[in-house]
Every structure is written in structure tokens, then in C-alpha cells.
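Peer 1: what's the 3D shape of this:
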Amino acid sequence: MSNDPEVSRTVVTPTRVVIALCLVAPFVAMLWVGSYAKTDPAFIGIPFFYWYQMAWVLISTALTVTAYKLWQRDQRARSTQQGGASK
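Peer 2: This is a model prediction of the structure:
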């Protein structure tokens, strides 16, 4: 085993945990069908089943953008710590 300084190890940080939760939350919400397989409460005449899924389209977009921005910030911080320039 070499002590090569170029070897990068994956570090679990609170920021990366938040990123993972942002990306996993929509999958969990959509795979747990029992939580939204109903018609009530209706919203402007649209059954719950449909408007819940459409709401998750918007929520997923917001969570993905949040995860992307956090990832950019994390990469800039790592690059600064290593003394390199960010691309």
C-alpha cells in the first residue's frame, strides 16, 4: 500500500448527507404508493393521487437544484483546501 498523496478518499460530510437526502427523498415519496393512493382531499377538483404526484415534480426540481448548488459549494471548498483552482 503506497502513501501516494494523489489518492482521493471519499469523505462523508454533513453537506454530502444533505445532498444524498435531497436526491433520495423523491424516490422514497413516489415508491411509497400507499401514502398517496387515495382520492381525498381533492384540490380544485383534482383527486389527491394526481396532484400529489404533480407536486412532487416541483419539489423534486427544487431538491435537485439544492443538491446541485450544495455539490458545487462542496467541490469549491475541497478545491480550496487542496490548494487547486476550481474548474
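Peer 1: Is the closest residue to F43 other than its chain neighbours within a helix or a strand, and which one?
Peer 2: The shortest distance from F43 to any residue other than its chain neighbours is 4.7 Å, reached at W51 (CB to CB, 6 or more residues apart in numbering). In this view, the C-beta of every residue, glycine as well, is placed from N, C-alpha and C. In this assignment (DSSP states H and E), W51 forms part of helix 48-82.
Peer 1: any weak-confidence spans in this structure?
Peer 2: Where the chain drops to pLDDT under 70, the residues are 1-8, 84-87.
Peer 1: Might one say that A29 is in contact with Q53?
Peer 2: No. Counting by CB atoms under 8 Å, A29 stays clear of Q53, with 9.3 Å between them.
Peer 1: Give me the more crowded residue out of the two.
Peer 2: Higher neighbour count among A29 and Q53: A29, with 17 against 12, using other CB atoms under 10 Å.
Peer 1: State the distance from Y36 to L70.
Peer 2: With distances taken as CB to CB, to the nearest Å, Y36 is found 27 Å from L70.
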